[in-house]
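Visitor: Pasting the sequence and the predicted model now:
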Amino acid sequence: MARVKGGVSAHKRRTNILERAKGFRHGRSTKIKQAKEGLMRAGRYAFAHRKDKKGDFRQLWIVRLNAAIRENGQKSYSTFIAKLKTSGIALDRKVLSTFASEHPEIFTRIVKKVG
């Protein structure tokens, strides 16, 4: 079997790594080994922060809801959520937060229905 030299595929592999590392600082954007390490670390952070983002948005929805609930005369967020569940209204925090910020008249009707 004939010998296959790997220059073309190796060069393509390195080029792809450097393209993905474009915008990194210092040697991480120009040197293959450092670029690989930077991409590995960036991938770990991207994975972890995709998970964190879900919690961050939930906190944001809760803060928005709490502010809107207090404006509408309710005592607190926790009592509102408890009343919401006992009254059988199955809206999640994301939808309620959207109503509170973008459609306050709908949110006011929900608060009045909860009591």
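Guide: Sure, I can see it.
Visitor: Tell me which other helices or strands the longest helix anywhere in the chain touches.
Guide: Looking across the chain with DSSP state H, the single longest helix is helix 32-71. If contacts are counted by 3 or more Cβ pairs under 8 Å, 6 or more residues apart in numbering; DSSP states H and E, helix 32-71 sits against helix 7-20, helix 77-86, helix 93-102, helix 104-114. All C-beta spots, glycine's among them, are computed from the backbone N, C-alpha and C.
Visitor: what's the burial count for the closest residue in space to residue 32 that isn't next to it in sequence?
Guide: Nearest residue to residue 32, sequence neighbours excluded (Cβ to Cβ, 6 or more residues apart in numbering): residue 14, at 5.3 Å. Residue 14 has 13 neighbours, counted by other Cβ atoms under 10 Å.
Visitor: before we move on, back to that, let me know which of the helices and strands packed on helix 32-71 is tucked in deepest.
Guide: Stretch with highest mean neighbour count among these: helix 93-102 (a mean of 17; mean count of other Cβ atoms under 10 Å).
Visitor: For residue 90, give me the backbone phi and psi.
Guide: Main-chain dihedrals, residue 90, degrees, to the nearest 10: phi -100, psi 70.
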